[in-house]
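In: Next comes the sequence, and after it the predicted model I'd like to discuss.
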Amino acid sequence: MAALRRLTPLWMRFILHCCIAGAGLLFALNAHALDRERNLAQLHHTAWTARDGAPSQVRALAQTSDGYLWIGGATGLFRFDGVTFERYDSIGGSQLPSPNVTALLATREGDLWIGFRNGAVACLRDKTLQVYSGKDELPPDIVFGFAQDHDGAIWAGTARGLAVREGKRWKTVGVVQGFPEGERARVLGVDRTGTLWAAGIEKLLFLPRGEQVFRDTGQRLNDAAQIAQDAAGRHWIAETARAVRPLALASSGRVGKDEEIWVGSQAITFDRDGGLWIATVGDGLRRISHPEQPKPASRVEVFTQANGLSSDLLIAALEDREGNLWFGSDKGVDRFRHGDVVPVSIPGGHAGFTLMAGEGGDIWAASFSARPLLQIRGNAVISHAQVVNIDSAYRDPVGAIWWPGYVGLWRYYQDRFVLMPWPAGVRGGDWFLHTLHGDGNGGLWADIGGHGFKHFRDGKWEDTTPGGYPAGATSAVFEDTQGRVWLSTLPDRLHRIEGGKTHTYTSEQGPQVGRVMAIGGRGPHLWVAGELGLALYHQGRFSKIVAAKNDTLGSISGLVETASGDLWLSDVQGAIRIPAAEVSQVLANPTHPVRYRRFDYLDGLPGAPQMAPTNFTVAEASDGRVWFATDNGLAWIDPNRLHHNPLPPPVYLHAVEVDGRPFLPGALLQLPVGAQQLRIAYAALSLSIPERVRFRYRLEGVDQGWQDAGTRREAIYTNLRPGHYRFRVLAANEDGVWNTQGAAMEVQIPPPFYLTSWFLTLCVLVGAGLLWLIYLRRLRVMEARLQARLAERHLERERIARELHDTLLQGIQSLILRFQAAIEKLPVKEPARIAMEGALERADDVLSEGRDRVQGLRAAAAPVSDFPQALASVGADLMHDAAPNFQMRVEGTQRPLDPLVHDEMFGIGREALINAFNHAQAGTVTLELHYGAKALRLCISDDGRGIATEVLAAGVRPGHWGLAGMRERAARIGATLAFRNGVATGTEVELHVPAKIAYRPAVACWRGWFGRMGKDR
């Protein structure tokens, strides 16, 4: 223990204490206590039992810093978020040492210490469970409780002694430290001064902060269970077998018998406003609102199972961070919290209320059943038995209240009731009165069922009919500040009576709210409410009121505009408050979407707002409270004391499911390949009204904006594409205070292998390879086709050569021989012989040329290798003294050409040279021949005048066929031919012949394979 104190330096402890005190002060300022001026029945109570999923046999309660409520008992360990109870048998893979929990402690650091009946202790920290037992120096028996002192040390009280955790070890506290060896440590507590209190069966000991030895108070106890300190600093003890009482310590003086509450208890707590709450052993719940006042035992409030408590046997008590009080019983869990709507207990049997404000904050509540008129003054309800069966009321200008009853018209003024019998002819059974209003001269008009309007003045009924009044039963009446009377009649008519004249508004001209159920207002404007909503009459026209956020105002049975400017409504879903600021905006702009707050059963409204046909279901009392009639009694709201919860709820990701399989939520969620459905459950820890916690979420990468989930606590996404996403969820408490940080989780969906980058890259490469193969095959096909055409031309040339040789040349040779024989017969000097010999010589030349031509045709199948020389010869033949200079460059390794390609290229080159020499007027003509690996390139250029632009565009010169012939030759061998003017002057003729066509190289095996593919095609 001393070592523990030495672990923390003094300056660090001082800072820690200041932080704790500051945090406590801030916490107290931000949180709201329960109103001590309200009795227990006026607080909002909720009980959870086994049918709600709550645990039974509860022994301990704790709220951790994350906002969760932890519940321990004989049935296990549970966690509660205000909506769902979760049972924990194991945490983080570690099994709880026992299902029987006896003690819980939530530390300032966020840890949860758990004590078990078998003597084990566990610490839950960051989702990791560490278990300790007797081998860790803990007394081996049931754990009664824990305490954390101001220095951060954890103390554990067990049935066999006391232990303290020093550093990372437990140490048993014994006689050396002043604690009896083996003494039961049933009670542990730390007061505001840092003193540690510990009690056994009979003794109460305390350890002042900074000391090492316990002191004995001298107090004798009777099975003490808990100690607590009130706002004045007095210490109270709860005894199971005796009473709850303040301790008579030296600092607090003597304790009188009237300060002891004689009821057995195992748990007490003081709320932050000072009220004492007592969880009794079999006698329900007790509360003393002001224990600091004299004789507190005389002011004990009782709340039992008969009032709705889960059980009269209560074991645990806790005040949460929002000021709610929690109690654990043998049958479940109970919560008491603030409610803005305060229900009022009234005698049973009342139905169809009519409300009217009285003097001094009083409220009158009449019933059309045979029940007496009620006068509510403070918390007292006064019955006036003689006034029954009332369905309307009227307050005249002098303050008298008129009540139409079964036997007549009652007038209440200055604490006296005076009865005015009904007029003659009105029997007791048909007195039913629709409306009652003043006539402006001290009298009043009563619309009596079946008899029409009757006038009452100066204490008697007059048999006169009001001029201009509409026929038919009226459902609502109101006299405005300008003296006009507004009446509504069935089915949906509204009438304005002014100066003895009536103006009737039809459904098209009027408020358009269906059957009018309430009329009211202050000043020159008027509010009209009905079954279809609310309308405003202002500046001579009606405007239907529109609610904000696409909400709707339902069937409205009552309204009142208060002195503060608020407009209160009673509709089918609850009580509605439209703030004065919103009323002002509506008056300035009737189309303004009005914002409002609705109060319902979650706020304490005892039932559904009354829709019965009475005239006043909402009333403002003179003290400012607004009263409402419901089908289950009366309730009031104090607009000046509306509760506001300033604490934004912590938000957590609760669970994740992927295709029905659970996953642990974390910073990064790695989904399996092919995931189809993602379900994310989230929670927000606001234990006051969790039913009103609202959420909005967003999956970045999918949702364009925030999705308003309302109160739904899960998000579901389907068919998500592979990729990286970020899920965020925010939450707001019941008063719209948002936690803007919320909770977030990264979501990674890996793609299937066929959508991965490497697979897509492989597909691209394979696709490119296939395209390349297709391209190569196409080239091979084109090459094969061209080669086939060339082969056909070779065969045709050979055929022509054979035909020429076998026919023409042989015939000419035969003719020459015959002519030669004939010539031999002529004399040598014969002129004819001489002429014929000359002709024969010419014939020999022709025959020789023919043989050369035939030889050329037959030699076409052999490669030609003298192409550069042939072109050089053409250039040399074209040069003369006045001709341009001729230059020739050959690049690359000269290779044999296909004869057909040779002939066509030679023809193109010769034509281009002739044009350059004869027409270009050039100074130099250049011929370039490049033997490339991919193509054979021939380029002939000059520095002459160039080709006309229109000739280049047309591709032919009119009346000339040289350019066209060159293009035809190029097309026949699959070559590309281009004509263009030079950069400065002159003309360029460029010919490209693919290498596969121009050359006749050796064929590689793989090329032969593709060639065969082409041939097969």
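Out: Right, received. Where do you want to start? Because the structure is a prediction, the values reported are computed rather than measured. Numbers count the residues shown, from 1 in each chain.
In: Can you point out the buried residues in the longest strand seen in the chain?
Out: Ordering each strand of the chain by length in residues (DSSP state E) puts strand 738-749 first. For strand 738-749, a neighbour-count test (16 or more other C-beta atoms under 10 Å) marks 739, 742-743, 745, 747, 749 as buried. In short, each C-beta sits where N, CA and C put it, glycine included.
In: I'd like to know which elements the very next helix or strand once past that strand is packed against.
Out: Next helix or strand after strand 738-749 toward the C-terminus (DSSP states H and E): helix 757-803. Under the contact criterion of 3 or more C-beta pairs under 8 Å, 6 or more residues apart in numbering; DSSP states H and E, helix 757-803 touches helix 831-858, helix 899-919, helix 995-998, helix 1005-1016.
In: sorry, back to before: out of the buried residues of strand 738-749, which is nearest to Tyr68?
Out: Comparing the buried residues of strand 738-749 against Tyr68 with C-beta to C-beta places Ala743 closest, at 13.8 Å.
In: Hmm, Val651 and that closest one touching each other?
Out: Yes. At 4.4 Å, Ala743 counts as touching Val651 under the criterion of C-beta atoms under 8 Å.
In: So the residue nearest the centre of the chain versus Lys501, what's the distance?
Out: Most central in the chain under C-alpha atoms, centre = their mean is Tyr697, positioned 1.2 Å from the mean C-alpha point. According to C-beta to C-beta, to the nearest Å, Tyr697 and Lys501 sit 60 Å apart.
In: Tell me which of the helices and strands packed on helix 757-803 approaches Val300 most closely.
Out: That would be helix 1005-1016 among the helices and strands packed on helix 757-803, by C-beta to C-beta, at 105.7 Å.
In: coming back round to it: so what's the residue nearest to the centre of the chain bridging to?
Out: Going by DSSP bridges, Tyr697 is paired in beta bridges with Gln707, Val729.
In: related to what we said a few turns ago, can you put the buried residues of strand 738-749 in CSV and add distance to Glu990?
Out: Output for the buried residues of strand 738-749, formatted as CSV (distance: C-beta to C-beta, whole Å):
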residue, distance to Glu990
Asn739, 76
Gly742, 71
Ala743, 71
Met745, 66
Val747, 61
Ile749, 57
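In: Nearest to Ile556 among those?
Out: Out of the buried residues of strand 738-749, the member with the shortest distance to Ile556 (by C-beta to C-beta) is Asn739, at 34.4 Å.
In: can you pull out the strands in the stretch 1-150 of the chain?
Out: Assigned by DSSP state E, counting those that start in this stretch, the strands in the stretch 1-150 of the chain fall at 44-49, 58-63, 69-73, 76-80, 85-88, 90-91, 94-95, 101-106, 112-116, 121-125, 128-132, 143-148.
In: that older thread, list the residues that contact the residue nearest to the centre of the chain.
Out: 680, 682, 703, 706-707, 709, 715, 727-730 (C-beta atoms under 8 Å, 6 or more residues apart in numbering).
In: Report all helices and strands that the longest strand of the chain contacts.
Out: Using 3+ C-beta pairs under 8 Å, 6+ apart, strand 738-749 sits against strand 651-658, strand 668-670, strand 677-684, strand 723-732.
In: ranking those strands by mean pLDDT, which is last?
Out: Out of the helices and strands packed on strand 738-749, strand 668-670 stands lowest, with a mean of 90 (criterion: mean pLDDT).
In: Stretch 191-207: end-to-end distance?
Out: 11 Å (C-alpha to C-alpha, to the nearest Å).
In: Off-centre distance for it?
Out: Chain-centre distance of stretch 191-207: 50 Å, with C-alpha atoms, centre = their mean, to the nearest Å.
In: Could you list the buried residues of it?
Out: So, applying 16+ other C-beta under 10 Å, buried residues of stretch 191-207: 191, 195-200, 203-207.
In: same question, stretch 400-414
Out: Buried residues in stretch 400-414, defined by neighbour count with 16+ other C-beta under 10 Å: 401-406, 408-412.
In: again, but for stretch 46-65
Out: Of the residues in stretch 46-65, those buried (16+ other C-beta under 10 Å) are 46-49, 54-64.
In: would you put the C-alpha positions of stretch 626-638 in PDB?
Out: Provided in PDB are the C-alpha atoms of stretch 626-638 (Å, rounded to 0.1, in the frame of the first residue of the first chain):
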ATOM      1  CA  VAL A 626     -49.600  24.400 -20.300                       C
ATOM      2  CA  TRP A 627     -52.100  21.600 -19.500                       C
ATOM      3  CA  PHE A 628     -53.200  18.800 -21.800                       C
ATOM      4  CA  ALA A 629     -56.100  16.400 -21.700                       C
ATOM      5  CA  THR A 630     -55.400  12.800 -22.800                       C
ATOM      6  CA  ASP A 631     -57.300   9.500 -22.900                       C
ATOM      7  CA  ASN A 632     -55.400   8.500 -19.800                       C
ATOM      8  CA  GLY A 633     -55.600  11.600 -17.600                       C
ATOM      9  CA  LEU A 634     -54.000  15.000 -17.400                       C
ATOM     10  CA  ALA A 635     -50.500  16.300 -17.800                       C
ATOM     11  CA  TRP A 636     -48.700  19.600 -17.800                       C
ATOM     12  CA  ILE A 637     -45.500  21.100 -19.300                       C
ATOM     13  CA  ASP A 638     -43.600  24.000 -17.900                       C
END
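In: which outside residues touch it?
Out: 340-346, 350-351, 353-355, 357, 363, 365, 376, 558, 560, 562, 568, 570, 575, 577, 599, 604-610, 614, 617-621, 624-625, 639.
In: What's the PyMOL line that selects buried ones from those?
Out: If you want just the buried ones from these in PyMOL, going by 16+ other C-beta under 10 Å, the selection is:
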select buried, resi 340+341+342+343+344+346+350+353+354+355+357+363+365+376+558+560+562+568+570+575+577+599+604+605+606+608+609+610+614+617+618+619+620+621+624+625+639
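In: rewinding a little: so among the buried residues of stretch 191-207, where is pLDDT lowest?
Out: Per-residue pLDDT puts Gly200 lowest of the buried residues of stretch 191-207, at 84.
In: picking up where we left off before, export the helices and strands packed on helix 757-803 to JSON lines and tack on mean pLDDT and distance to Glu950?
Out: As requested, these are exported to JSON lines (pLDDT from 0 to 100; distance: least, C-beta to C-beta, whole Å):
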{"stretch": "helix 831-858", "mean pLDDT": "75", "distance to Glu950": "39"}
{"stretch": "helix 899-919", "mean pLDDT": "87", "distance to Glu950": "16"}
{"stretch": "helix 995-998", "mean pLDDT": "88", "distance to Glu950": "32"}
{"stretch": "helix 1005-1016", "mean pLDDT": "42", "distance to Glu950": "41"}
